[in-house]
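Peer 1: I need the structure of the sequence given here:
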Amino acid sequence: MSSDSSQIVRTHRLEAFSDGVMAVIITIMAFGLKAPHGTNLAALRAQIPHLLVYVLSFVNIGIYWNNHHHLLRRTERISASVMWANLDLLFWLSLLPVMTEWVGTSYRHTEPAAAYATVALLAAIAYSLARSIIAANPQSPVSTLIGSDVKGLASIVVYVLAIGLAFVTPWASYALDVLVAVIWIVPDRRLAR
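Peer 2: Numbering: from 1, shown residues only. Alright, predicted model coming up:
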């Protein structure tokens, strides 16, 4: 058995479980979308805020799914701490459908904007899953590839700013949420190689 196929056996269950959870999260978000109440463009315009936050949440789940895939493909060993760190990440991501619905219906208010950024922050912190993987695989390429994780740390700082700015204007908070998604829209090149 090649080392690549043995690696897949070791990480396959965690990856399959995580893929399933992320697929369910996206499905729940899609069920939260409502058809416009009416038959004209004005009715559709009323749904635009909800559609936009849905797109942002969908993209965020896609970013986590993509980077998670690449991270696990470089991982040789899964420890109990990796499994718990993965559950932590999935927990925070599972709150995105609720936050998406709340922001979609109350986008002009401070609290939904701050709550959305808080959940995004906690998911970003939970993505320190990479640190658990490094601890479980000290000689693996993951530890070399992750390095100082400037993008990850910058994302955390931007989300903290987004939480604070939500109390000034929700629009600034949303702009920073989008900024983090733009930073990560291209898969983490360190792991995708």
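
Peer 1: so what's residue 127 up against?
Peer 2: By C-beta atoms under 8 Å, 6 or more residues apart in numbering, the contact list for residue 127 reads 64, 67, 89, 152. Every residue, glycine included, has its C-beta placed from N, CA and C.

Peer 1: which SSE is immediately downstream of the helix or strand hosting the third one?
Peer 2: Spelled out, that is residue 89. Using DSSP states H and E, residue 89 maps to helix 80-94. Counting by DSSP H and E, the next helix or strand C-terminal to helix 80-94 is helix 96-106.

Peer 1: returning to what we had before: next step: the contacts of residue 127 restricted to helices.
Peer 2: 64, 67, 89, 152 (DSSP state H).

Peer 1: not counting residues beside it along the chain, what's closest to the first one?
Peer 2: Going back to what we said before, that points to residue 64. residue 93 (6.2 Å; C-beta to C-beta, 6 or more residues apart in numbering).

Peer 1: kindly report the same for residue 184.
Peer 2: residue 63 is the one closest to residue 184 (C-beta to C-beta, 6+ apart), at 4.6 Å.

Peer 1: check the burial of that neighbour by counting its neighbours.
Peer 2: Residue 63 is flanked by 19 other residues according to other C-beta atoms under 10 Å.

Peer 1: against residue 123, how distant is it?
Peer 2: 10 Å (C-beta to C-beta, to the nearest Å).

Peer 1: point out where this protein drops to low pLDDT.
Peer 2: The chain contains residues with pLDDT under 70 at 1-10, 147-148, 187-193.

Peer 1: if we go to 50?
Peer 2: 1-9 (pLDDT under 50).

Peer 1: how deep is residue 126 tucked in, by neighbour count?
Peer 2: As a burial measure, residue 126 scores 18 neighbours (other C-beta under 10 Å).

Peer 1: picking up where we left off before, what's the offset of the helix holding residue 89 from the middle of its chain?
Peer 2: Distance, stretch centre to chain centre, for helix 80-94: 12 Å (C-alpha atoms, centre = their mean, to the nearest Å).

Peer 1: now do the SS call for residue 186.
Peer 2: coil (DSSP: H, G, I helix; E, B strand; the rest coil).

Peer 1: thinking again about what came up before, so which of the ones in helices among the contacts of residue 127 comes closest to residue 55?
Peer 2: Relative to residue 55, the closest of the ones in helices among the contacts of residue 127 is residue 64; by C-beta to C-beta it sits at 15.2 Å.

Peer 1: the closest one: neighbouring residues, count only.
Peer 2: Neighbour tally, residue 64, other C-beta under 10 Å: 24.

Peer 1: tell me who's in contact with it.
Peer 2: 22, 89, 93, 123, 127.

Peer 1: can you give me the helices in the chain?
Peer 2: For the chain, applying DSSP H gives helices covering 3-31, 41-73, 80-94, 96-106, 110-126, 129-136, 141-146, 150-166, 170-184, 189-192.

Peer 1: redo the contacts of residue 64 as CSV? Include distance to residue 28.
Peer 2: Output for the contacts of residue 64, formatted as CSV (distance: C-beta to C-beta, whole Å):
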residue, distance to residue 28
22, 11
89, 17
93, 11
123, 16
127, 21
